[in-house]
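Peer 1: The following block contains a protein sequence and its predicted model.
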Amino acid sequence: MELKINIDNLKKILLFIAAIFGAIVLSSCGGGGGSDDPDDPITDVSGTWSITETMGANTCGNLVGSTDSYSLEATLSGNNLTVVTPSGTFSGRLDGDQIEWTGSYSESGGVTTIESMDITVAASGNSLSGTTSWSWTDGFFPCSGSTSITGTRTSGPPGAASESEPNDDFTSADSVDLGSVSGNVNSSSDEFDWFEFTAPFGGTFDFTLTWGSSAYDLDLGATTATQTCTSDDINTSSESCSLSLSSGEVVLILVEGWNTSASTVSYTLTIN
């Protein structure tokens, strides 16, 4: 089974688009900002994260190596980051791939203050790791220490995007970001859905298509100006493929309802 994509023609079109896009970007570049300006975020880290903290060296008598796990909600707007944790809500920023926030919260009869944070978001945008330094006092006895932090994003931003019809050919492709988008296809009346994704950083990106039943056959394709990946398995309810992309590289993604038995089938396309 083959996807109904004319890859050669599509590549030619994308090469032309890429040339135009490159010219526009070069012509619009202005002078740089000051040295204190944060770098653009590596990705949108909004969503739910599963966090594990491991106690490091400290003067408070806490057991080194003990762990604490919890969930937090992150919301990113520009570089500004808001984090809601079981201990409270904190404000910080995402500077390139570096997360930082500060603040204080009540703990064990005293107040813990986050003194510094060195946390790096992975290129995938779905994991993080680093350390934080903190101090604690009850007004009489002060102490301090450090904690190692690891985290995995368990879901993307609330309210996943939905496709916007018509997106039946690549000229009307919906723009999508990292995360998930939902849609519907019907092999009789709405066979194709197209999406356009621009890589926010360099790395390997996975494109995954899922739907409810293996009784229906959906296919997936993704192409840039120079490379293509496709997935058209049968008797399954998912398809996936990957591309290694440069920052700013444009990908056209096709979801095809190859055989839905004239039924409208809902799907989720995830990019990470």
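Peer 2: Received, thanks.
Peer 1: List the buried residues for stretch 175-187?
Peer 2: Neighbour counts over stretch 175-187 (16 or more other C-beta atoms under 10 Å) mark 176, 177, 178, 179, 180, 181, 183, 184, 185, 187 as buried. C-beta: built from backbone N, CA, C; applies to glycine.
Peer 1: same thing with stretch 89-100?
Peer 2: 90, 92, 94, 95, 97, 98, 99, 100.
Peer 1: Ok, stretch 241-254 next?
Peer 2: 241, 243, 245, 249, 250, 251, 252, 253, 254.
Peer 1: nearest spatial neighbour of residue 49, skipping sequence neighbours?
Peer 2: Using C-beta to C-beta, 6 or more residues apart in numbering and skipping the chain neighbours, the partner closest in space to residue 49 is residue 151 (4.8 Å).
Peer 1: ugh, wrong one, residue 51
Peer 2: With C-beta to C-beta, 6+ apart, the residue lying closest to residue 51 is residue 151, at 4.5 Å.
Peer 1: Show residues contacting whatever helix or strand the one you found lives in.
Peer 2: According to DSSP states H and E, residue 151 maps onto strand 142-155. Contact partners of strand 142-155, identified using C-beta atoms under 8 Å, 6 or more residues apart in numbering, comprise 45, 47-62, 71, 115, 119, 125-137.
Peer 1: And the residue nearest to residue 51, how far from residue 165?
Peer 2: Between residue 151 and residue 165 the computed distance is 36 Å (C-beta to C-beta, to the nearest Å).
Peer 1: Report the two of the buried residues of stretch 175-187 separated the most.
Peer 2: Greatest spacing in those, by C-beta to C-beta: 178 and 187 (28.8 Å).
Peer 1: so residue 261 touches residue 185, yeah?
Peer 2: No: in this structure, residue 261 is not within contact of residue 185 by C-beta atoms under 8 Å, at 12.0 Å.
Peer 1: any chance you could map the helices in the protein?
Peer 2: 7-28 (DSSP state H).
Peer 1: Walk me through the domains of the chain.
Peer 2: 7-16+160-271, 47-155 (automatic domain parsing).
Peer 1: Low-confidence stretches in the protein?
Peer 2: 1-36, 123-125, 155-161 (pLDDT under 70).
Peer 1: now with 50?
Peer 2: 1-35, 159 (pLDDT under 50).
Peer 1: center of it, which residue is that?
Peer 2: Centrality entry for the chain: nearest residue to the mean C-alpha point is residue 178, 4.1 Å, by C-alpha atoms, centre = their mean.
Peer 1: got the phi/psi numbers for it?
Peer 2: phi -60, psi 140 (degrees, to the nearest 10).
Peer 1: my guess is it meets residue 44, correct?
Peer 2: Yes: between residue 178 and residue 44 a contact is recorded at 6.2 Å, counting by C-beta under 8 Å.
Peer 1: which residues does residue 182 bridge with?
Peer 2: residue 162, residue 268 (DSSP bridges).
Peer 1: ugh, wrong one, I meant residue 92
Peer 2: Beta-bridge partners, per DSSP bridges, of residue 92: residue 81, residue 101.
Peer 1: Pretty sure it sits against residue 116.
Peer 2: No: Residue 92 is not in contact with residue 116 according to C-beta under 8 Å; the separation is 11.6 Å.
Peer 1: Give the residues shared as contacts by those two.
Peer 2: Joint contacts of residue 92 and residue 116 (C-beta under 8 Å, 6+ apart) are 100, 102.
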